[in-house]
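*Asks:* give me coordinates for this.
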Amino acid sequence: MEGISRMILDSGRWFWLVTGSIAVALLYILAPILTPFLAAAFLAYLGDPLVDQLESWKLSRTLSVTTVFLTIFLLLLLFFLFLVPVLETQVKLFLNKFPDYLDWVVNVLGPYLQQNFGVDTSVLEVDKIKTVIASHWKETGGFIRNTIQTISKSGFVVLGWVANLALIPIITFYLLRDWDRMVAYIDDLLPRSIEPLVAKLARESDEVLGAFLRGQMSVMLALAVIYSIGLSLVGLEFALLIGLIAGVVSFVPYLGLIVGVAIAGIAILFQTQDVFNLFWVLAVFGVAQMIEGTILTPLLVGERIGLHPVTVIFSVLAGGQLFGFFGVLLALPVAAVLAVILRHIHDTYKQSEIYGIEIDEPHLSTVGNANSKVSEAKEQA
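*Replies:* Predicted coordinates for the structure are as follows:
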């Protein structure tokens, strides 16, 4: 009987090992065509809590899904129709003024650096940098035009882009409509012996991933808006561009503050030549940090523990290196699950006999006597 149980246990382990290997291999092989499905799953995951909230207000599932679906894609449409052209304009304006910034560094800041720190700004080769930037921008053109030129080089590429863009909203709608049903179906398929553990790990993974995606990303978006509005009130020309950059990198604690203050401070000095304006830049970021700490983070993230910033950075880079853009989309969900599994393994290890090895009493008494002798020797010394 014991041999049969051991055989069943071994066969179960082999089953999960083979299943996991096949799943990883399929992900690697099918990565090019899975991108729209993963993007749709990402949008459905973000929208499902809103759908559930609308359902709690006595709306039907279909009506709730339709409302959330239209809201998500309306926001995406507004982003591409409004923000992308505005950001491209600001980038173009920055590149046009970049030679003037270099001249300011050489003519104004250069003598100060040379006199006080011995820094020779001639090594920057400012003229060559100007030429490279100007020629590169003229060759590539704007972001939108460059993208259109790239995808129009091949008819198959165009068809692939159109197909993927058309599939994402369709798949998102069906995933939103059947999200709860799919979760229940997967739970029903799990072996009953491991279902409680898997359900527990899945709930913790959802809390970790949700804390970052729904919470931290909302904070990042809010900070980008606050930074942009505040810097525009100060009169900074590149307020939207700098505010968006500072907001995006704010998933790393204090990095958004440091990067934003540095870029905005340098930009305001170039623009106004008045050191006093640095005070207004610091005031904008100081007020934004107060709003984040007292309102945004407690309201949007709460006490949930999301992914560590270093984990996020490594996961995105590793996913992009292994699977390209598909890997970037897959990185955060995988990192959340792995973080929860490693935490579970850590807790299991701390409660295991391996960690809590019992030491026999004679050994303890020997160690105690040795420690007491060392203490006596120190006192005599």
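
*Asks:* quote the end-to-end distance of stretch 268-282.
*Replies:* Start and end residues of stretch 268-282 are separated by 11 Å (CA to CA, to the nearest Å).

*Asks:* neighbouring contacts of it?
*Replies:* Applying CB atoms under 8 Å, 6 or more residues apart in numbering, the contact partners of stretch 268-282 are Lys97, Asp100, Tyr101, Trp104, Leu231, Val234, Gly235, Leu236, Glu237, Val261, Ala264, Gly265. Every C-beta, even on glycine, is put in place using the N, C-alpha and C of the backbone.

*Asks:* report how many residues lie close to Asp206.
*Replies:* 16 (other CB atoms under 10 Å).

*Asks:* quick one: neighbours of Glu353, just the number.
*Replies:* Neighbour tally, Glu353, other CB under 10 Å: 7.

*Asks:* and it, how far is that from Ala163?
*Replies:* Counting by CB to CB, to the nearest Å, the gap between Glu353 and Ala163 amounts to 56 Å.

*Asks:* same question, Val252
*Replies:* With distances taken as CB to CB, Val252 is found 36 Å from Ala163.

*Asks:* those two - which one has more neighbours?
*Replies:* Taking other CB under 10 Å, Val252 and Ala163 do not tie; Val252 has more neighbours (15 against 12).

*Asks:* I figured the more buried one hits Ile313, correct?
*Replies:* Yes. Val252 lies in contact with Ile313 (CB atoms under 8 Å); the separation is 7.5 Å.

*Asks:* residues contacting Gly319?
*Replies:* Gly327, Val328, Leu329, Leu330, Ala331, Val334.

*Asks:* pLDDT-wise, what's the bottom of these?
*Replies:* Among the contacts of Gly319, Leu329 carries the lowest pLDDT, at 74.

*Asks:* need the per-residue pLDDT for Ala377.
*Replies:* pLDDT, Ala377: 46.

*Asks:* circling back: just the buried residues out of the contacts of stretch 268-282, in ChimeraX syntax.
*Replies:* Restricted to buried positions by 16 or more other CB atoms under 10 Å, the ChimeraX selection for those reads:
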select :231,234,236,237,261,264,265
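
*Asks:* redo the contacts of stretch 268-282 as JSON lines? Include pLDDT, distance to Ala283 and secondary structure.
*Replies:* As requested, the contacts of stretch 268-282 are arranged in JSON lines below (pLDDT from 0 to 100; distance: CB to CB, whole Å; DSSP: H, G, I helix; E, B strand; the rest coil):
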{"residue": "Lys97", "pLDDT": "76", "distance to Ala283": "24", "secondary structure": "helix"}
{"residue": "Asp100", "pLDDT": "73", "distance to Ala283": "26", "secondary structure": "helix"}
{"residue": "Tyr101", "pLDDT": "72", "distance to Ala283": "24", "secondary structure": "helix"}
{"residue": "Trp104", "pLDDT": "71", "distance to Ala283": "24", "secondary structure": "helix"}
{"residue": "Leu231", "pLDDT": "92", "distance to Ala283": "11", "secondary structure": "helix"}
{"residue": "Val234", "pLDDT": "89", "distance to Ala283": "8", "secondary structure": "helix"}
{"residue": "Gly235", "pLDDT": "88", "distance to Ala283": "13", "secondary structure": "coil"}
{"residue": "Leu236", "pLDDT": "88", "distance to Ala283": "13", "secondary structure": "coil"}
{"residue": "Glu237", "pLDDT": "84", "distance to Ala283": "18", "secondary structure": "coil"}
{"residue": "Val261", "pLDDT": "92", "distance to Ala283": "11", "secondary structure": "helix"}
{"residue": "Ala264", "pLDDT": "90", "distance to Ala283": "11", "secondary structure": "helix"}
{"residue": "Gly265", "pLDDT": "88", "distance to Ala283": "12", "secondary structure": "helix"}
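
*Asks:* pull the most distant pair out of the contacts of stretch 268-282.
*Replies:* Spatial extent of the contacts of stretch 268-282 (CB to CB) is set by the pair Asp100 and Val261 at 21.9 Å.

*Asks:* pLDDT weak spots in the stretch 251-381 of the chain?
*Replies:* Residue ranges of the stretch 251-381 of the chain with pLDDT under 70: 302-306, 357-381.

*Asks:* can you rerun that using 90?
*Replies:* 251-257, 262-263, 265-278, 292-381 (pLDDT under 90).

*Asks:* next one: the stretch 101-250 of the chain
*Replies:* Applying pLDDT under 90 to the stretch 101-250 of the chain flags the ranges 101-168, 180, 183, 186-220, 234-241, 248-250.

*Asks:* tell me how many other residues crowd His346.
*Replies:* 11.

*Asks:* same thing with Leu167?
*Replies:* Leu167 has 16 neighbouring residues, counting by other CB under 10 Å.

*Asks:* which parts of the helix or strand harbouring it are buried?
*Replies:* Here Leu167, judged by DSSP states H and E, is contained in helix 155-189. Residues of helix 155-189 classed as buried by neighbour count (16+ other CB under 10 Å): Leu167, Ile168, Pro169, Ile171, Thr172, Phe173, Leu175, Leu176, Arg177, Trp179.

*Asks:* over to stretch 191-211?
*Replies:* Across stretch 191-211, burial judged by 16+ other CB under 10 Å covers Leu201, Ala202, Glu204, Ser205, Asp206, Val208, Leu209, Gly210, Ala211.

*Asks:* nothing else from me, thank you.
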